[in-house]
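Q: no sequence on this one, just coordinates:
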């Protein structure tokens, strides 16, 4: 059986087909965890935010007017859920705990500096860095999730990497590893 398009899945799910909605969840789960992670800084909390986002999306799917904007709509729901979790102080972490995936340095100190550099970025830039470099999504996949063009992604990632490099340089990160 050929894979159904996103629009077909959304239309079927809007009509009450739970299996179609399940397929949408499978397609976007990792991306929503990444979006939640950017806000919450903890993987298990990000998973909770992603799951809550899917529950809210299921309830409100019939209200989605522009079906080709499902992924950005879902990402906005996830951001709001994650922010709600922070506002309720379910668990608030500092920027030092932002990324467990920053193990690209040679030492614990390098890892800490990388986490701090990512933590200094504005939230939209953090999302791009996590989606691209930690989740390994392509520009097209990121564009689908966030509703922005590949050119915009490239420009924003370039600026984010420059800010991170400046921060790392000012804090003693080895120049030859930037």
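A: Cool, got the structure. The structure presented is a predicted model; accordingly, all values stated were derived computationally and were not measured.
Q: quick one, what contacts the residue nearest in space to the middle of the chain?
A: The C-alpha lying nearest the average C-alpha coordinate of the chain belongs to residue 35 (C-alpha atoms, centre = their mean; 2.4 Å). Contacts for residue 35 were tallied using C-beta atoms under 8 Å, 6 or more residues apart in numbering; they are 46, 49, 50, 75, 78, 79, 82, 127, 131, 145. Using the backbone N, CA and C atoms, a C-beta is placed for each residue, glycine as well.
Q: Could you rerun that using 7 Å?
A: Applying C-beta atoms under 7 Å, 6 or more residues apart in numbering to residue 35 gives the contacts 75, 78, 79, 127.
Q: Residue 88 too?
A: Contacts here follow C-beta under 7 Å, 6+ apart; on that basis residue 88 touches nothing.
Q: Just the pLDDT for it.
A: Note on residue 88: pLDDT of 70.
Q: follow-up on the earlier one: biggest separation within the contacts of residue 35, which pair?
A: Taking C-beta to C-beta, the two most distant members of these are 78 and 127; they sit 10.2 Å apart.
Q: Those two: which is more packed in?
A: Regarding residue 78 and residue 127, a neighbour count based on other C-beta atoms under 10 Å identifies residue 78 as having more, with 30 against 24.
Q: wait, residue 7 sits on residue 66?
A: No. With the criterion set as C-beta atoms under 7 Å, residue 7 and residue 66 do not qualify as a contacting pair; they are 10.6 Å apart.
Q: More neighbours: those two, which one.
A: Each of residue 7 and residue 66 had its neighbours counted (other C-beta under 10 Å), and the higher figure belongs to residue 7 (11 against 8).
Q: so what's that one up against?
A: If you count contacts by C-beta under 7 Å, 6+ apart, residue 7 has them with 67, 68.
Q: What are the boundaries of the helices in this structure?
A: Counting by DSSP state H, the segments of the chain that form helices are 6-14, 18-40, 43-60, 70-87, 108-119, 123-129, 139-146, 150-170.
Q: in the helix or strand of the chain with the lowest mean pLDDT, what counts as buried?
A: For the chain, the helix or strand with the lowest mean confidence is helix 108-119, at a mean of 82 (criterion: mean pLDDT, DSSP states H and E). Along helix 108-119, the positions that meet the burial threshold by neighbour count (16 or more other C-beta atoms under 10 Å) are 110, 111, 113, 114, 115, 116, 117, 118, 119.
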